[in-house]
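*Asks:* Here's a sequence, model it:
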Amino acid sequence: MKKILLIIILTMVNMACDSTKSSNQEEEKAAKKLKVFAVNYPLFYFAERIGGPHVELIYPIPNDVDPAYWVPREDLDKIQNADLILTNGANYAKWMEKVSLPASKVINTSEAFAEQYIKLAEGTTHSHGGAGEHVHYGFAFTTWLDFKIATGQAKAVLNALILKMPHAKETFIGNFEKLKSELLALDAKMTALSTKLPKKAIFASHPVYQYLGEAYGLTIISEHWEPGEEPTTVQWSEFKHNLDHNPANIMLWEGTPTDETRSKLQSFGVNSILFSPSANTPATGDFMSIMNQNITSLNSYLE
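*Replies:* Next up, the predicted model:
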């Protein structure tokens, strides 16, 4: 009888220990964060919004450097050791073609939209954003300026997070649905705004608005001007030639142009509108507030 009682007691103790062990494992799993590297700020923002407290974002790109032309050096080990590496697709961040990255961790967030990539003609060599000289070639890559594509990229982030951390699926889905509704609201606003824009060409200070133009029926003619620099005599001459053949009264800028440039554009009847692609980490606000401000700025010009 004593032996039986001892066996029962030992069994109960073992069951209690197993239960405690299982509980501890669940707590450890819930506390563990996914390390996620994003190749640009929009993807960083999507991962942050969807992943919430379950993700630890790795984003070493300085906010004064264009992420498309940034090259990691001492940060490469952190990127290779991340749980997820979120890429933009459309030949964005060409450094990725030259380094070894774990294929199982790399997620091309725009892969589902590859047929919508916009092919570029080779452009002139220039520099901006502290990235040194480079040339735009291959595909246009600011895919997220088509807010439907941006929504699809956010969904790709969602799916990748669920695969890596299925126990947080419900949280991820809830966060994504909120983000999705906001992105589609941007799409609706931009669609409505495009019907009010003058049926003329729109100039752009830089070739980064191709997906915006394609998605919302805008004819955008790109220059290669930098916000903090005065255009050269040759650039002004090229601009006047383009303007003669494509009458326009709006120029979109990635950053605020100089007063002199703005004034000279106004002398040609062209108004400068700040429309930030938000590829870089903003000094204030976030992706959503910046995109809403972009649309408000355009809308204010029309009122």
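
*Asks:* got any ranges where the stretch 151-300 of the chain has weak pLDDT?
*Replies:* Within the stretch 151-300 of the chain, the stretches with pLDDT under 70 are 198.

*Asks:* tell me the pLDDT at H134?
*Replies:* With respect to pLDDT, H134 scores 49.

*Asks:* so which helix or strand takes in the residue most central in space within the chain?
*Replies:* By CA atoms, centre = their mean, the chain has its centre lying nearest to P42, at 2.3 Å. Counting by DSSP states H and E, the element that carries P42 is helix 41-51.

*Asks:* In this protein, what residue spans correspond to strands?
*Replies:* Counting by DSSP state E, the segments of the chain that form strands are 34-38, 55-58, 84-87, 106-108, 126-127, 133-134, 201-204, 220-222, 248-253, 271-274.

*Asks:* helices and strands around the last one, which ones?
*Replies:* Right, strand 271-274. strand 248-253, helix 259-267, helix 287-302 (3 or more CB pairs under 8 Å, 6 or more residues apart in numbering; DSSP states H and E). Heads up, the C-betas are built off the backbone N, CA and C, glycines and all.

*Asks:* what angle separates the helix holding P42 from strand 34-38?
*Replies:* Put simply, helix 41-51 runs at 160 degrees to strand 34-38, going by axes from the mean of the first three to the mean of the last three CA atoms, to 10 degrees.

*Asks:* Identify the residue nearest A168 in space, chain neighbours excluded?
*Replies:* H54 (4.9 Å; CB to CB, 6 or more residues apart in numbering).

*Asks:* Then F44?
*Replies:* A38 (4.0 Å).

*Asks:* Show me what the one you found bridges to in the sheet.
*Replies:* Taking DSSP bridges as the rule, A38 bridges to L86.

*Asks:* Does it touch R49 like I think?
*Replies:* No: the pair A38 / R49 is not scored as a contact, 11.6 Å apart, by CB atoms under 8 Å.

*Asks:* Between the two, tell me which one has more neighbours.
*Replies:* Neighbour totals were compared for A38 and R49, and A38 leads with 27 against 20 (other CB atoms under 10 Å).

*Asks:* that older thread, check contacts around the residue nearest to the centre of the chain.
*Replies:* 88, 144, 150, 153, 278-279, 287 (CB atoms under 8 Å, 6 or more residues apart in numbering).

*Asks:* Next: T261.
*Replies:* Per CB under 8 Å, 6+ apart, neighbours of T261: 225, 230-231, 272.

*Asks:* what's the angle between the helix holding P42 and helix 287-302?
*Replies:* With the same axes, to 10 degrees applied, the angle from helix 41-51 to helix 287-302 works out at 120 degrees.

*Asks:* Would you map out the domains in this structure?
*Replies:* What automatic domain parsing lists as the domains of the chain is 31-187, 193-302.

*Asks:* ok, back up a step: identify the farthest-apart pair in the contacts of T261.
*Replies:* Maximum pairwise distance in those, criterion CB to CB, is 13.6 Å, between E230 and S272.
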